[in-house]
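> here is a sequence with its predicted model. Questions after.
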Amino acid sequence: MAAARVTMPFSVRLLKRPDVEIPSEVRRKKRRLLAVGAVVKCGCSKIRAVCGSGKNDEKYEERHLDPNMRPNYRGRAPLMPFASPQSRFVPKQEKFFSRCTPRNSGPQSRDSPPKRDTGIANEKDWGISLLSENVSESGTNEDGSTWWRESGEDLGDNGYRCRWSRMGGQSADSTSEWKETWWEKSDWTGYKELGVEKSGRNGEGDSWWETWREVLHQDEWSNLARIERSAQKQAKSGTENAGWYENWWEKYDAKGWTEKGAHKYGRLNEQSWWEKWGEHYDGRGSILKWTDKWAETELGTKWGDKWEEKFFAGIGSRQGETWHLSPGGERWSRTWGEEHFGNGKVHKYGKSTTGESWDIVVDEETYYEAEPHYGWADVVGDSTQLLSIEPLERPPGVFPNLDFGSSLPPPREPSE
């Protein structure tokens with residue numbers, strides 16, 4: 001059966017130039033301070049999502065200048081009117097074949113590109129299954145497409161071991177191709193890693209690449225166990241000047257310290273956009289969150305939105321800016337800020353380049369998220385395959401060589 005064609009791998013549509021106000025996107029869940037001096041508690045149950053950074057979409061509600069109304073930075077509407085986060089990639093098969101194929105049969109085509117804005121998947125979603133023996137085989141399918149598969153093991157100093165499997169294939173006319181690599185790594189320091197890398201291209205010239213890593217290691221300075229997860233994804237059109245790239249990361253330690261963030265970029269012909277956001281929880285009640293988004297066209301129109309919040313024990317601040325720049329250099333902006341005193345009083349202030357301004361103190365409860373909804377206990381529960389990696393047995397009298405120069409060993413890819 002001849003290889004089918006896949007559709008355009010991008011889910012963006014043309015932008016309309018915004019007027020003065022533009023939507024803002026913020027990733028925030030509500031946190032309520034019950035009383036003055038009270039301990040901040042969360043009534044929400046823990047969520048085992050692929051990314052605990054909040055994905056509930058809310059429509060942006062435009063608010064005119066009202067000193068009693070804060071800007072709607074809690075909504076999560078895109079800065080630019082993208083289509084849905086799902087990409088328009090259509091896989092060749094309506095049903096995906098099992099990742100564990102019988103011996104002596106070729107791996108099925110996995111020309112499934114990554115999807116935009118889907119965060120970091122859990123390990124179970126990848127279905128990583130490494131062979132217990134070294135293999136090297138290839139073959140040809142009935143439709144003329146070819147496949148290959150190999151697996152092996154690399155050994156190194158300090159008890160380093162990397163077990164890996166690679167597979168790939170190509171259509172009969174060589175216009176489409178795919179490749180996928182799985183690996184698990186370990187050494188005598190307690191370091192463990194699980195990872196995937198995949199890439200492909202189709203007959204229309206569209207190409208994509210994706211990698212995913214999950215790491216367990218012991219921090220040399222705090223002596224605490226830490227789990228780190230990351231994902232990078234990108235796709236590029238073969239027929240027009242369009243593409244996108246995303247880099248996601250999450251870091252957790254056993255005492256509740258958590259860091260999450262993402263950097264994103266996209267382009268569709270004459271339009272480009274960027275987004276960066278981050279979250280940091282110190283495990284003792286202090287939090288920092290921020291988002292910065294901006295976009296531009298080749299004609300010179302630019303616009304953006306950003307905000308930041310810092311809180312500890314009910315006391316903190318929020319501030320942000322929405323702006324627009326015309327091709328002629330005319331700039332409009334509105335800045336705003338809030339100071340939360342922890343006693344039910346909130347100082348609100350702001351101004352815009354059109355002459356608007358406000359500076360008041362109001363009675364208002366304070367909302368913020370003091371702990372991540374997806375934290376250490378959740379990531380441990382979702383990392384059973386990573387934690388079950390068995391390192392090489394260490395001979396008696398041999399001790400691991402600890403490197404205090406870096407908190408995380410540099411990644412070593414499986415040997416070619």
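Yes, it's here.
> so where is the stretch 51-200 of the chain shaky, pLDDT-wise?
51-106, 108-111 (pLDDT under 70).
> going along the chain, name the strands of it.
135-140, 146-155, 161-170, 177-186, 192-201 (DSSP state E, counting those that start in this stretch).
> and the shortest one, what does it pack onto?
The one in question is strand 135-140. Counting contacts by 3 or more Cβ pairs under 8 Å, 6 or more residues apart in numbering; DSSP states H and E, strand 135-140 is packed against strand 146-155. All C-beta spots, glycine's among them, are computed from the backbone N, C-alpha and C.
> pull the residues that contact the strand it packs on.
For strand 146-155, contacts defined as Cβ atoms under 8 Å, 6 or more residues apart in numbering pick out 106-107, 130-131, 133-141, 160-170, 172, 392, 414-415.
> and the residues you listed, which are buried?
106-107, 131, 141, 160-170, 414 (16 or more other Cβ atoms under 10 Å).
> of those, which pair is most distant in space?
For those, the maximum inter-member distance is 36.9 Å, found between 141 and 160 (Cβ to Cβ).
> how about residue 377, phi and psi?
Backbone torsions of residue 377, given as degrees, to the nearest 10, read phi -60, psi -40.
> residues near it, how many?
Look at residue 377: counted by other Cβ atoms under 10 Å, it has 13 neighbours.
> please apply the same query to residue 226.
Other residues near residue 226 come to 19 when the count uses other Cβ under 10 Å.
> mind listing what the helix or strand harbouring it pairs with, with the direction of each?
Element membership for residue 226 (DSSP states H and E) is strand 225-236. Taking DSSP bridges as the criterion, strand 225-236 forms sheet pairs with strand 207-218 (antiparallel), strand 242-253 (antiparallel).
> looking at those, which is closest to residue 224?
Using Cβ to Cβ, the nearest of these to residue 224 is strand 242-253, at 4.7 Å.
> now the closest one: average pLDDT?
Taken as a whole, strand 242-253 has an average pLDDT of 97.
> how about residue 326, nearest residue that isn't a chain neighbour?
Once flanking residues are discounted, residue 326 sits nearest to residue 301: 6.3 Å by Cβ to Cβ, 6 or more residues apart in numbering.
> should've said residue 282
Closest to residue 282 by Cβ to Cβ, 6+ apart is residue 257, at 6.0 Å.
> quick one: that neighbour and residue 160, what's the gap?
27 Å (Cβ to Cβ, to the nearest Å).
> from memory residue 386 sits against residue 213, does it?
No. The pair residue 386 / residue 213 is not scored as a contact, 10.0 Å apart, by Cβ atoms under 8 Å.
> I'd assumed residue 179 was in contact with residue 166.
Yes. Contact criterion Cβ under 8 Å: residue 166 and residue 179 qualify, at 7.3 Å.
> who are the contact partners of the residue nearest to residue 282?
By Cβ under 8 Å, 6+ apart, residue 257 lies in contact with 251, 281-283.
> can you list the residues you listed in CSV and add neighbour count?
Formatted as CSV, the contacts of residue 257 follow (neighbours: other Cβ atoms under 10 Å):
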residue, neighbour count
251, 19
281, 21
282, 14
283, 17
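> what is the nearest of the residues you listed to residue 270?
Using Cβ to Cβ, residue 251 comes nearest to residue 270 of the contacts of residue 257, at 37.0 Å.
> the closest one and residue 228 touch, don't they?
Yes. Under the contact definition of Cβ under 8 Å, residue 251 touches residue 228, with a separation of 4.8 Å.
> checking the residue nearest to residue 161 when sequence neighbours are not counted next. Helix, strand or coil?
Leaving out its chain neighbours, the residue that sits closest to residue 161 by Cβ to Cβ, 6+ apart is residue 392, at 5.2 Å. Here residue 392 is recorded as coil under DSSP: H, G, I helix; E, B strand; the rest coil.
> my read: residue 107 touches residue 165, true?
No. Counting by Cβ under 8 Å, residue 107 stays clear of residue 165, with 9.6 Å between them.
> can you pull out the strands in the stretch 251-400 of the chain?
With strands called from DSSP E, counting those that start in this stretch, the stretch 251-400 of the chain shows them at 258-268, 271-281, 287-297, 302-312, 315-325, 331-340, 345-352, 357-363.
> kindly calculate the angle that the fifth one makes with strand 302-312.
For strand 315-325 and strand 302-312, the angle between their directions (axes from the mean of the first three to the mean of the last three Cα atoms, to 10 degrees) works out to 180 degrees.
> circling back to that earlier point, figure out which of the strands of the stretch 51-200 of the chain is closest to residue 313.
Among these, if distance is taken as Cβ to Cβ, the winner is strand 192-201, at 36.1 Å.
> partners of that closest one, with directions?
Strand pairing (DSSP bridges) places strand 192-201 next to strand 177-186 (antiparallel), strand 207-218 (antiparallel).
> which one of those lies closest to residue 365?
strand 207-218 (38.5 Å).
> got the phi and psi for residue 121?
phi -70, psi 160.
> hang on, residue 356 packs against residue 332?
No. Residue 356 is not in contact with residue 332 according to Cβ under 8 Å; the separation is 11.0 Å.
> who's more crowded, those two?
Counted by other Cβ under 10 Å, residue 356 and residue 332 do not tie: residue 332 has more neighbours, with 16 against 11.
> beta partners for the more buried one?
Using DSSP bridges, the bridge partners assigned to residue 332 are residue 324.
> surely it touches residue 353?
Yes. Using Cβ under 8 Å, residue 332 is in contact with residue 353, at 5.3 Å.
> before we move on, the earlier item: pull up the overlap in contacts between residue 386 and residue 213.
Common contact partners of residue 386 and residue 213 (Cβ under 8 Å, 6+ apart): 193-194.
> neighbour count winner among those two?
Shown here are residue 386 and residue 213; by other Cβ under 10 Å, residue 386 has more neighbours (22 against 19).
> who's in contact with that one?
123, 192-194, 214-216, 227.
> now the residues you listed in TSV, with neighbour count?
Below are those laid out as TSV (neighbours: other Cβ under 10 Å):
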residue	neighbour count
123	18
192	22
193	22
194	25
214	28
215	21
216	20
227	21
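> which single one of those residues is nearest to residue 262?
Nearest to residue 262 among the contacts of residue 386 is residue 214, at 16.6 Å by Cβ to Cβ.
> looking at it, that closest one is touching residue 383, isn't it?
Yes. Counting by Cβ under 8 Å, residue 214 does reach residue 383; the two are 6.2 Å apart.
> hey, what's in contact with both of those two?
Taking Cβ under 8 Å, 6+ apart as the contact rule, the neighbours common to residue 214 and residue 383 are 123, 227.
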